[in-house]
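Peer 1: below is the structure, and that's it, no one-letter string:
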């Protein structure tokens, strides 16, 4: 048990975790803070949880079940379209901020966060 405690203490003192940077957006996983082009951006609690879950697994499909579990928990009663609604709001915010990232739908699987392609960013 003491070895586990020491290992955890070393992890924390091992230096600050750098923010994850995708496109013009940076996400500080420790402080749960988002910035676009160096400017801090505020998101609602659920939007931030969704964004964090997608950033942690950037460029990978994150299942709807996983996102629902992180956003709402297992015991909470949730309507089917609730996740879709949160994703839509976050997509709109990121597009309006010109963050250089996109949330793609993986049909009947989940969602993927990726850096926006240059042709999409210019359009």
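Peer 2: Done, it's in. All values derive from a computational prediction rather than experimental measurement.
Peer 1: mind checking the SS state of residue 50?
Peer 2: helix (DSSP: H, G, I helix; E, B strand; the rest coil).
Peer 1: ditto for the one 4 residues further on
Peer 2: Residue 54 carries the three-state label helix when classified by three-state DSSP.
Peer 1: got the contact list for it?
Peer 2: By CB atoms under 8 Å, 6 or more residues apart in numbering, the residues touching residue 54 are 62, 67, 103, 111, 112, 113. In this view, the C-beta of every residue, glycine as well, is placed from N, C-alpha and C.
Peer 1: just residue 103 next, same as before
Peer 2: Per CB under 8 Å, 6+ apart, neighbours of residue 103: 54, 87, 90, 91, 94, 111, 112, 113.
Peer 1: recalculate using a threshold of 10 Å.
Peer 2: Listed by CB atoms under 10 Å, 6 or more residues apart in numbering, the contact set of residue 103 reads 50-51, 54, 62, 87-88, 90-91, 94-95, 111-114.
Peer 1: flag the shaky bits of the chain, pLDDT-wise.
Peer 2: 6-16, 118-123 (pLDDT under 70).
Peer 1: residue ranges for the strands of it, please.
Peer 2: Assigned by DSSP state E, the strands in the chain fall at 20-22, 25-28, 33-36, 39-41, 62-63, 101-106, 110-115.
Peer 1: so which residue is smack in the middle of this structure?
Peer 2: Geometric centre of the chain, nearest residue: residue 51, 2.3 Å, by CA atoms, centre = their mean.
Peer 1: list the contacts for residue 20?
Peer 2: Here residue 20 is in contact with 26, 27, 28, 29, 52, 55, 56, 58, 113 (CB under 10 Å, 6+ apart).
Peer 1: surely the last one touches residue 94?
Peer 2: Going back to what we said before, that points to residue 113. Yes - assessed by CB atoms under 10 Å, residue 113 is found in contact with residue 94 at 9.2 Å.
Peer 1: quick one: common contacting residues for the two?
Peer 2: 23, 25, 51, 101, 102, 103.
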